[in-house]
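In: Have a look at this prediction, sequence included:
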Amino acid sequence: MGSFASKAALGATTDEPTEPEPKHLADLIQYVNETNMSVKHLADVLSEKARSSSWVVVFKALVTVHHLMVHGNERFIQHLASRSSLFTLHNFLDKSTLEGYAMSTFIRRYSRYLNEKSLACRLITSDITKARRGMDGMMRTMDTKQLLNTLPVIQIQFDALLNFNANPDQLTNGIIHAAFMLLFKDSLRLFAAYNEGILNLLDKYFDMRKSQCKESLDICTKFLARTTRLAEFLKVAEEVGVDQKDIPYLTQAPYSLLEALKEHLASLEEKNDSFPPYSLQRALIPPIPNNPVVKTSTSRAWFSVCKRVGAKRQGGKTIANNLDGLPASLAGNLNFGESPVNKSDMKWPQTSDKEITGGMKWQLNTYTCTSTIWNHVSIPLVQTPVGAPYQMVPQPTSYTQPDSETSK
């Protein structure tokens, strides 16, 4: 079986500029799913192929590894996470052809994402993209300490995914297209876990200590910024032919939620038990949109969180009663924000030769890593006429899972 795996791995990583053949990938999935088979041997073969000087061979090796992470037994990624280092391709450059020069940029970014994905598995002790979801799932049942430790790890992995940063015109061959589709599948699963963790964090926010509130506010601010980047990523997916029913429906979150969190933190810092006057009803109940909305469990979860926030801020009476007075159909169909994301207005940033820095980085021959501390992401406010609410730019979004989940 060892020679069988080697043969399939070599077949998947030939120097033909096409995506790895499905037959070879299926053989490798079968191999890693056999509980008595050694995944170390297979990982060694693919790691050796990733050290080639040819962009085609290296890129196909990375795609093959990612395919096994996504579709294979979780023990494969757990083995990769146990290694002292994985891919050291931050300086990779194939100058043999113009295409090789262009693809080298994406190879460096892609290898960094796979490193972050493996390292996240080590730190969280499981592949978060395969974790159980829902009210009794992994992210919704974590306590405050676990959330504050886990969400930054997810944020770094999510950043590495979004930093692949390819636009449709750059997905010019089957290899990079295969890599993008695997990233697309990971983005759905990763963001679903990320979103559920934020919902859990918001639900616990008003019971936290001041230091925990500071961490949580920073995490929530970064989350809102990253949902905007996800919308840009999904726009690329739509442009390259991903079916719209497989793309999550993103709607704008209430813009004043962040201000409510900031006010609570400010009150803790002033050591003042009384809250300043603040209309949570205006802040947390968005206007009913004119367009149809999608009924989802995530919308109901946001409704539940906002209801809890209102109860905490207003003593659990007036605001809670106002929310309870909403029609049942609206409570199950809240479409937070003024309007859904306008996909036609989205633009993706152009890629450049500037390489990604920061995030967790592998250190060769060690079991440690370094993590860059992210700068605080501020969302500027735009002044509006007196008496009108403030609006944030860009407006954040909340996540809704599509009816037909591609990631299954």
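Out: On my side now, so go ahead. Every value quoted in this text rests on a predicted model; they were computed, and no experiment measured them.

In: can you give me the helices in the stretch 101-250 of the chain?
Out: 144-162, 174-204, 210-239 (DSSP state H, counting those that start in this stretch).

In: Just name the most buried of those helices.
Out: Highest mean neighbour count among those (mean count of other C-beta atoms under 10 Å): helix 174-204, with a mean of 22. Using the backbone N, CA and C atoms, a C-beta is placed for each residue, glycine as well.

In: follow-up on the earlier one: tell me which of the helices of the stretch 101-250 of the chain sits nearest to E21.
Out: Proximity to E21, assessed across the helices of the stretch 101-250 of the chain by C-beta to C-beta, is greatest for helix 174-204 (10.5 Å).

In: I'd like to know which elements the closest one is packed against.
Out: Counting contacts by 3 or more C-beta pairs under 8 Å, 6 or more residues apart in numbering; DSSP states H and E, helix 174-204 packs against helix 55-71, helix 98-124, helix 144-162, helix 210-239, helix 297-313.

In: can you list the ones you listed in CSV and add mean pLDDT and distance to L258?
Out: Output for the helices and strands packed on helix 174-204, formatted as CSV (pLDDT from 0 to 100; distance: least, C-beta to C-beta, whole Å):
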stretch, mean pLDDT, distance to L258
helix 55-71, 98, 33
helix 98-124, 97, 26
helix 144-162, 97, 16
helix 210-239, 94, 7
helix 297-313, 52, 11
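
In: Save these as CSV, and put in distance to D44 too.
Out: Output for the helices and strands packed on helix 174-204, formatted as CSV (distance: least, C-beta to C-beta, whole Å):
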stretch, distance to D44
helix 55-71, 12
helix 98-124, 15
helix 144-162, 24
helix 210-239, 33
helix 297-313, 41
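
In: So which of those is nearest L188?
Out: Smallest distance to L188 across the helices and strands packed on helix 174-204 (C-beta to C-beta): 9.2 Å, for helix 210-239.

In: Can you check what angle separates that closest one from helix 174-204?
Out: Inter-element angle recorded for helix 210-239 and helix 174-204: 150 degrees (by axes from the mean of the first three to the mean of the last three C-alpha atoms, to 10 degrees).

In: buried ones in stretch 131-139?
Out: R133, G137, M138, M139 (16 or more other C-beta atoms under 10 Å).

In: mind listing what the first one touches?
Out: When the contact criterion is C-beta atoms under 8 Å, 6 or more residues apart in numbering, the partners of R133 are M139, R140, A192, A193, E196.

In: And for the last one?
Out: For M139, the contacting residues are A131, R133, L147, T150, A193, E196, G197, N200, by C-beta under 8 Å, 6+ apart.

In: Looking at those residues, point me to the pair that's furthest apart.
Out: R133 and L147 (15.1 Å).

In: For stretch 179-193, the averaged confidence score.
Out: Averaging pLDDT along stretch 179-193 yields 97.

In: neighbouring contacts of it?
Out: Outside stretch 179-193, the residues that touch it by C-beta under 8 Å, 6+ apart are 59, 62-63, 66-67, 70, 106, 110, 113, 117, 128-131, 133, 138-139, 154, 157-158, 161-162, 164, 166, 171, 227, 230, 233-234, 236-237, 240, 242, 248, 399, 401, 405-407.

In: Around D246, count how many other residues there are.
Out: 18 (other C-beta atoms under 10 Å).

In: Same question for the one 3 residues further on.
Out: Neighbouring residues of Y249 were enumerated by other C-beta under 10 Å; the total is 21.

In: how near is the spatially closest residue to M138 that is not a sequence neighbour to E74?
Out: Nearest residue to M138, sequence neighbours excluded (C-beta to C-beta, 6 or more residues apart in numbering): A131, at 4.0 Å. Separation of A131 from E74 (C-beta to C-beta, to the nearest Å) stands at 10 Å.

In: before we move on, what about S96?
Out: 37 Å.

In: For the two, indicate the residue with more neighbours.
Out: More crowded of S96 and E74, by other C-beta under 10 Å: E74, with 14 against 11.

In: residue contacts, the more buried one?
Out: When contacts are counted by C-beta under 8 Å, 6+ apart, E74 touches S126, D127, K130.

In: Got phi/psi on the closest residue to the first one other than its chain neighbours?
Out: In other words, S126. Of all residues not flanking S126 in the chain, E74 sits nearest, at 7.2 Å (C-beta to C-beta, 6+ apart). Backbone torsions for E74, taken as degrees, to the nearest 10, come to phi -70, psi -20.

In: The chain should start at 43 in everything you say after this.
Out: OK, 43 is where the count begins now, so the last one is E116.

In: Let me see the confidence value for E116.
Out: On pLDDT, E116 comes in at 91.

In: related to what we said a few turns ago, looking at the contacts of R175, which one is closest to E257?
Out: If you rank those by distance to E257 using C-beta to C-beta, M181 comes first, at 16.3 Å.

In: how near is S253 to L165?
Out: Distance from S253 to L165, by C-beta to C-beta: 21 Å.

In: So A208 sits against N215, correct?
Out: No. Assessed by C-beta atoms under 8 Å, A208 is found out of contact with N215, at 11.6 Å.

In: Give me the more crowded residue out of those two.
Out: The neighbour comparison of A208 against N215 (other C-beta under 10 Å) goes to A208, with 22 against 15.

In: Now do the contacts for that one.
Out: For A208, the contact set (C-beta under 8 Å, 6+ apart) comprises F148, I218, F222, V278, T393.

In: next one: phi and psi at it?
Out: phi -100, psi 140.

In: how far away is it from K246?
Out: According to C-beta to C-beta, A208 and K246 sit 37 Å apart.
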